[in-house]
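Undergrad: Attaching a predicted model along with its sequence, questions to come.
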Amino acid sequence: MSSDSRRQCLRTTFEEVPELYDRARPSYPAQVFADLSALAQLPVAARIVEIGCGTGQATIPLAERGYQITCVELGEQLAAVARRKLSVFPGVEVINAAFETWQPREADFDAVVAFTAFHWIAPELRYRRSASILRSGGVLAVVGTQHVLPENGDQFFVEVQEDYVAATDETDESPPPHPGAVPDLGDDIERSGLFRNIAVRRYLWDVTYTADEYLAVLNTYSGHRALDDTVRERLYDRIRRRIEALPAGTVRKTYLATLNVAQRV
């Protein structure tokens, strides 16, 4: 399967569990939204397009700031959940469509934003499509998230690699990367020739999970959902037993969010 075909397949897996996705996925630190607003210099009632809003977790903090937001969500069920949650904000619209082919009535938005969704857009389209719907001087704000392991991180995430190797076809026993090893999109943005990277911010935070809570999160990840049912159950059983054998019966997962803000040239 080509990388593009695999991307197209995996990006639809979230549609299978919209309510679980909404319940289990962690929210973003409040500082992310404060910095995005300040660095992008968004005007009052800015007109924003959000790529892949999911169930609206990142949309709400932006809507609370009074922005006019058009959410473009590929998944029909995810869009339905987002529409229900965001119905209290008259300035928010949720459209069930693919960002790549969606045609807005007016292509003069102040900003395009994406929260852990930009990588699902084909590389050759990400920046070109975003630039095409922005006004002159409009901004692109991209937040990417990754599981990382700092020096004081939970060693469970080193040891659990044994379970992935034993239960799946995976052969890489490497733990999650150190936060300092995770690059931002600055170079990628500059290479596009369509945007100038104007700011980067990085945020680390921990979330503690019980076995049930952690398996619920795993069950929202595209790679885990794409596993054969028998393989996934075998893997989850091993992970559950490993967590429940820990003294506290919990694991502490460290997340890194990286915010890039770029201006259309």
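TA: The structure has been received and is ready for your questions. Numbers count the residues shown, from 1 in each chain.

Undergrad: And the residue positioned nearest the centre of the chain, its phi and psi?
TA: Geometric centre of the chain, nearest residue: residue 116, 1.8 Å, by C-alpha atoms, centre = their mean. Phi and psi for residue 116, reported as degrees, to the nearest 10, are phi 50, psi 40.

Undergrad: who touches it in this structure?
TA: When contacts are counted by C-beta atoms under 8 Å, 6 or more residues apart in numbering, residue 116 touches 143-145. C-beta here means a position set from N, CA and C on the backbone, and glycine is covered the same way.

Undergrad: Could you save the residues you listed as a markdown table and add columns showing secondary structure?
TA: As requested, the contacts of residue 116 are exported to a markdown table (DSSP: H, G, I helix; E, B strand; the rest coil):
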| residue | secondary structure |
| --- | --- |
| 143 | strand |
| 144 | strand |
| 145 | strand |
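
Undergrad: wait, which of those residues is closest to residue 264?
TA: Nearest to residue 264 among the contacts of residue 116, counting by C-beta to C-beta, is residue 143 at 18.1 Å.

Undergrad: How about the contacts made by the residue lying closest to the closest one once chain neighbours are set aside?
TA: Computed as C-beta to C-beta, 6 or more residues apart in numbering, the closest residue to residue 143 that is not its neighbour in sequence is residue 115, at 4.7 Å. Counting by C-beta under 8 Å, 6+ apart, residue 115 makes contact with 28, 50, 52-54, 57-58, 143, 145.

Undergrad: Let me know the closest of the residues you listed to residue 128.
TA: Nearest to residue 128 out of the contacts of residue 115 is residue 52 (C-beta to C-beta; 17.1 Å).

Undergrad: was I right about that closest one contacting residue 117?
TA: Yes. Residue 52 is within contact range of residue 117, at 3.1 Å (criterion: C-beta atoms under 8 Å).
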